[in-house]
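Asker: for reference, the sequence and a predicted model appear below.
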Amino acid sequence: MKNFLKVCFLLVFSLSFAQVDTAQVVLSDRRNSEEAKAKPYVIVISADGFRHDYAKKYGAKSLLALAEQGVQAKAMVPSYPSVTGPNHYALITGLYPSHSGFVDNYFYDRRREDDFSMGRREKITDGSWLKGLPLWGLAEKNKVLSASLFWVASNGTAGGIRPTYYYDYHEKFNASERVAIVENWLKLPQAVRPHLITLYFYEVDKMGHLHGPDSEQTQKAVQMVDQAVGDLMKKVDALGLKNVNYIFVSDHGMLSVDTESPLKIPELLKDSNRYRFVNAQTLLRVQVKDKKQVLSTYRELKKNKTADYKVYLASKFPKRLHYRTSDDVFGTRMGEIYLVPRKGKIFLNEGDYKTPGKHGYDPKKVPEMKATFYATGPEFKTHKTVGEFKNVELYGVVAELLDLPYSHPIDGTKKTAKKVLKRK
């Protein structure tokens with residue numbers, strides 16, 4: 001388990017492979033409907049790990065201008081746990097991680113007797129692991145073409161419909177090349193031009209992990225993303241398209257953590273005949289193989305815990321986090337017991353990979369986990385600041401903006417859409 005988690009972390013952290021296919025995939029049998037051709041354009045940009053205060057902290061001029069001229073949230077609240085895969089999927093489906101099945105960056109599914117890691121292509125592309133209809137699928141169902149550049153799960157079959165244009169994930173394209181890809185999508189003939197585009201930048205999260213949120217490297221990564229967004233807006237503006245709207249978001253924030261005196265995983269849990277655990281370092285989830293031993297294990301862990309972490313029965317976890325046993329839509333992934341470190345503390349086993357920057361904590365207790373939301377364009381209100389809202393609300397904002405009806409249940413609402421859009 002120790003080596004498995006180390007490998008998983010490295011895959012999730014870098015998601016770079018020795019040999020990757022950098023070619024675009026195009027589903028060429030699709031066309032915009034006549035109604036779709038008249039719809040607005042929406043470019044949703046995610047900067048992984050872009051904490052809610054980074055733009056001001058590091059003087060991101062283009063992003064601050066975008067926020068000032070349009071709508072900005074005081075912060076956007078990530079779903080729990082505040083990690084990359086579950087939150088990108090929450091943003092794009094409107095579902096909490098427990099309700100989509102994307103319960104962590106890596107997890108073990110008892111029914112399938114198999115491990116999932118978002119860094120493994122054969123897993124992330126297999127839509128049977130996940131529930132929910134991503135926004136690109138909703139758009140395509142409504143004959144509105146979509147495109148995605150590296151958004152989590154956009155190269156998979158989750159929801160049953162891939163974007164018309166997409167790429168397998170890699171880190172070979174620099175920022176300018178990613179901007180050029182989006183620009184070229186918007187240069188396509190009207191019949192095959194995407195009206196929903198999702199774009200992903202990994203650099204801020206990577207530098208935040210490696211060097212911490214207060215480092216020069218993180219500052220440079222923020223400014224790189226800022227310049228890329230500014231360049232993108234200039235290039236798209238030069239195309240003369242009508243009604244182009246931008247939404248800039250992130251999945252979570254970042255916190256400096258104590259790597260010198262990490263928490264030790266209780267010896268009790270290392271009995272692989274009785275337990276399986278997944279350590280995300282800011283959350284340790286325990287699956288008890290014999291359900292009759294859940295309470296006795298819980299009591300033993302409670303008795304021997306330190307002041308630096310809490311022990312919860314998953315069935316009694318704070319309801320507001322939507323991460324209880326009863327929330328587990330697959331019923332086989334989240335475990336029976338959680339060990340939750342206090343702010344700044346992490347669980348490490350001997351040999352585990354460690355970095356000075358982490359995320360994954362409860363954003364209510366650790367505000368550094370909070371994310372960013374800025375938006376501008378003809379469909380958005382101007383010079384407006386709104387309060388914090390949950391990231392599952394993004395689904396309703398984009399669906400309302402593009403007039404994409406949906407009847408399937410989601411956790412988000414349309415309340416935020418009414419606050420930020422002019423016509424709602």
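Answerer: Nice, thanks for sending it over.
Asker: got the CA positions of stretch 305-313 in PDB?
Answerer: Extracted in PDB, the C-alpha atoms of stretch 305-313 (Å, rounded to 0.1, in the frame of the first residue of the first chain):
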ATOM      1  CA  LYS A 305      -4.900   9.400  18.700                       C
ATOM      2  CA  THR A 306      -2.900  12.700  19.200                       C
ATOM      3  CA  ALA A 307      -4.200  16.200  19.400                       C
ATOM      4  CA  ASP A 308      -3.000  16.800  15.900                       C
ATOM      5  CA  TYR A 309      -5.800  14.800  14.200                       C
ATOM      6  CA  LYS A 310      -9.400  13.700  14.700                       C
ATOM      7  CA  VAL A 311     -10.900  10.300  14.200                       C
ATOM      8  CA  TYR A 312     -14.400  10.100  12.700                       C
ATOM      9  CA  LEU A 313     -16.800   7.300  11.800                       C
END
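Asker: what about I265, how many neighbours?
Answerer: 20 (other Cβ atoms under 10 Å). Where C-beta positions appear, they are placed from N, C-alpha and C, glycine not excepted.
Asker: and the closest residue in space to it that isn't next to it in sequence, how close does it get to M118?
Answerer: Of all residues not flanking I265 in the chain, N349 sits nearest, at 5.2 Å (Cβ to Cβ, 6 or more residues apart in numbering). Computed as Cβ to Cβ, to the nearest Å, the N349 to M118 distance reads 21 Å.
Asker: who has more neighbours out of those two?
Answerer: Neighbours were counted for N349 and for M118 using other Cβ under 10 Å; M118 has more, 27 against 19.
Asker: give the contact list for the closest residue to the more buried one other than its chain neighbours.
Answerer: Nearest non-adjacent residue to M118, counting by Cβ to Cβ, 6+ apart: G85, 4.0 Å away. For G85, the contact set (Cβ atoms under 8 Å, 6 or more residues apart in numbering) comprises V12, F102, D104, N105, M118, V152, A153.
Asker: what ranges in the protein fall below the confidence cut-off?
Answerer: Applying pLDDT under 70 to the chain flags residues 1-19, 424.
Asker: how is it carved up into domains?
Answerer: If you go by automatic domain parsing, the domain ranges for the chain are 2-256+364-420, 267-358.
Asker: helices of the stretch 51-200 of the chain, start to end?
Answerer: 54-57, 61-69, 84-93, 97-100, 121-124, 135-141, 175-186 (DSSP state H, counting those that start in this stretch).
Asker: I'd like those written out as CSV, with distance to R112 added.
Answerer: Formatted as CSV, the helices of the stretch 51-200 of the chain follow (distance: least, Cβ to Cβ, whole Å):
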stretch, distance to R112
helix 54-57, 38
helix 61-69, 41
helix 84-93, 17
helix 97-100, 16
helix 121-124, 11
helix 135-141, 23
helix 175-186, 34
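Asker: single out the most deeply packed of those helices.
Answerer: Most buried of the helices of the stretch 51-200 of the chain, by mean neighbour count (mean count of other Cβ atoms under 10 Å): helix 84-93, with a mean of 29.
Asker: quick one: that one to chain centroid distance?
Answerer: 4 Å (Cα atoms, centre = their mean, to the nearest Å).
Asker: what does stretch 301-308 give?
Answerer: Here stretch 301-308 is found 31 Å from its chain centre; the criterion is Cα atoms, centre = their mean.
Asker: contacts for it, please.
Answerer: Contact with stretch 301-308 is made by L263, P266, L268, L269, V311, I337, L339, P341, R342, K345, as judged by Cβ under 8 Å, 6+ apart.
Asker: mind listing which of the residues you listed are in helices?
Answerer: Among the contacts of stretch 301-308, none falls in helices (DSSP state H).
Asker: JSON lines for the residues you listed, including distance to G331?
Answerer: What follows is the contacts of stretch 301-308, written out as JSON lines (distance: Cβ to Cβ, whole Å):
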{"residue": "L263", "distance to G331": "29"}
{"residue": "P266", "distance to G331": "25"}
{"residue": "L268", "distance to G331": "25"}
{"residue": "L269", "distance to G331": "22"}
{"residue": "V311", "distance to G331": "22"}
{"residue": "I337", "distance to G331": "16"}
{"residue": "L339", "distance to G331": "21"}
{"residue": "P341", "distance to G331": "26"}
{"residue": "R342", "distance to G331": "29"}
{"residue": "K345", "distance to G331": "30"}
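Asker: between which two of these is the distance greatest?
Answerer: Spatially, the most separated pair among these is L268 and R342, at 20.5 Å (Cβ to Cβ).
Asker: quick check: which element contains V44?
Answerer: strand 41-47 (DSSP states H and E).
Asker: what pairs with that strand, parallel or antiparallel?
Answerer: Strand pairing for strand 41-47, using DSSP bridges, gives strand 196-201 (parallel), strand 244-249 (parallel).
Asker: which of the ones you listed sits most buried?
Answerer: strand 196-201 (a mean of 25).
Asker: any idea which helix or strand comes after that strand?
Answerer: Next element after strand 196-201 (DSSP H and E): helix 203-211.
Asker: distance from that next one to the middle of the chain?
Answerer: On Cα atoms, centre = their mean, the centre of helix 203-211 falls 15 Å from that of its chain.
Asker: which strands or helices does the helix or strand following that helix pack on?
Answerer: Once the chain leaves helix 203-211, the next helix or strand it forms, by DSSP H and E, is helix 216-238. If you count contacts as 3 or more Cβ pairs under 8 Å, 6 or more residues apart in numbering; DSSP states H and E, helix 216-238 packs onto strand 41-47, helix 54-57, helix 61-69, helix 175-186, helix 203-211, strand 244-249.
Asker: so what does the second one touch, helix or strand wise?
Answerer: If you count contacts as 3+ Cβ pairs under 8 Å, 6+ apart, helix 54-57 packs onto helix 61-69, helix 216-238.
Asker: just put the ones you listed in TSV and tack on distance to K123.
Answerer: What follows is the helices and strands packed on helix 54-57, written out as TSV (distance: least, Cβ to Cβ, whole Å):
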stretch	distance to K123
helix 61-69	33
helix 216-238	27
